[in-house]
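K.L.:
Quick one, what's the 3D model for this:
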Amino acid sequence: MESIADVFKALGDPTRLRIVEMLSHSEEICVCKITEELGMTQPAISHHLSTLKHAGLVAARRHGQWMHYSLCREVLRSALQPLLAWSAEKPQAVTTGDCNCDCQGNARR
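P.N.:
Now for the predicted structure:
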């Protein structure tokens, strides 16, 4: 469960989401292209890529002085599958008889 949380934490930033989107349209992208496309400095992009790499969402390959990144699609799928399964499940009734508040078991509408 922690790895799923790490993936969602990594995806919780708009810049990182944009990077993942860019990578989803290519097999591999040079960090210089990501920097150019997003209009950010190379160190800022590298920081975001490091976060994505730590979560297992991207893989890196050095080519000369530049790093090339690719999306680890299986990791992304593995994190999303449980979420999709949970959202497809029919909600179960929860009894609130042991609740210490004054909600009286009324669900919010």
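K.L.:
which of the residues in the lengthiest helix in the chain are buried?
P.N.:
Using DSSP state H to define each element, the chain has its longest helix at helix 73-88. By neighbour count on 16 or more other CB atoms under 10 Å, the buried set for helix 73-88 is 75-76, 79. From N, CA and C alone the C-beta is placed, and that goes for glycine too.
K.L.:
What does the pLDDT read for residue 104?
P.N.:
pLDDT recorded at residue 104 is 62.
K.L.:
and what of residue 98?
P.N.:
64.
K.L.:
circling back: keeping just the C-alphas, turn the longest helix of the chain into PDB.
P.N.:
Once non-C-alpha atoms are left out, helix 73-88 reads as follows in PDB (Å, rounded to 0.1, in the frame of the first residue of the first chain):
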ATOM      1  CA  ARG A  73       3.900   2.200 -17.500                       C
ATOM      2  CA  GLU A  74       3.500  -1.000 -15.500                       C
ATOM      3  CA  VAL A  75       4.100   0.800 -12.200                       C
ATOM      4  CA  LEU A  76       1.500   3.400 -13.100                       C
ATOM      5  CA  ARG A  77      -1.000   0.600 -14.000                       C
ATOM      6  CA  SER A  78      -0.200  -1.300 -10.800                       C
ATOM      7  CA  ALA A  79      -0.900   1.800  -8.800                       C
ATOM      8  CA  LEU A  80      -4.100   2.600 -10.600                       C
ATOM      9  CA  GLN A  81      -5.700  -0.900 -10.700                       C
ATOM     10  CA  PRO A  82      -6.500  -1.100  -7.000                       C
ATOM     11  CA  LEU A  83      -8.000   2.400  -7.100                       C
ATOM     12  CA  LEU A  84     -10.200   1.500 -10.100                       C
ATOM     13  CA  ALA A  85     -11.200  -1.800  -8.400                       C
ATOM     14  CA  TRP A  86     -12.200   0.100  -5.200                       C
ATOM     15  CA  SER A  87     -14.200   2.600  -7.100                       C
ATOM     16  CA  ALA A  88     -16.100  -0.200  -8.900                       C
END
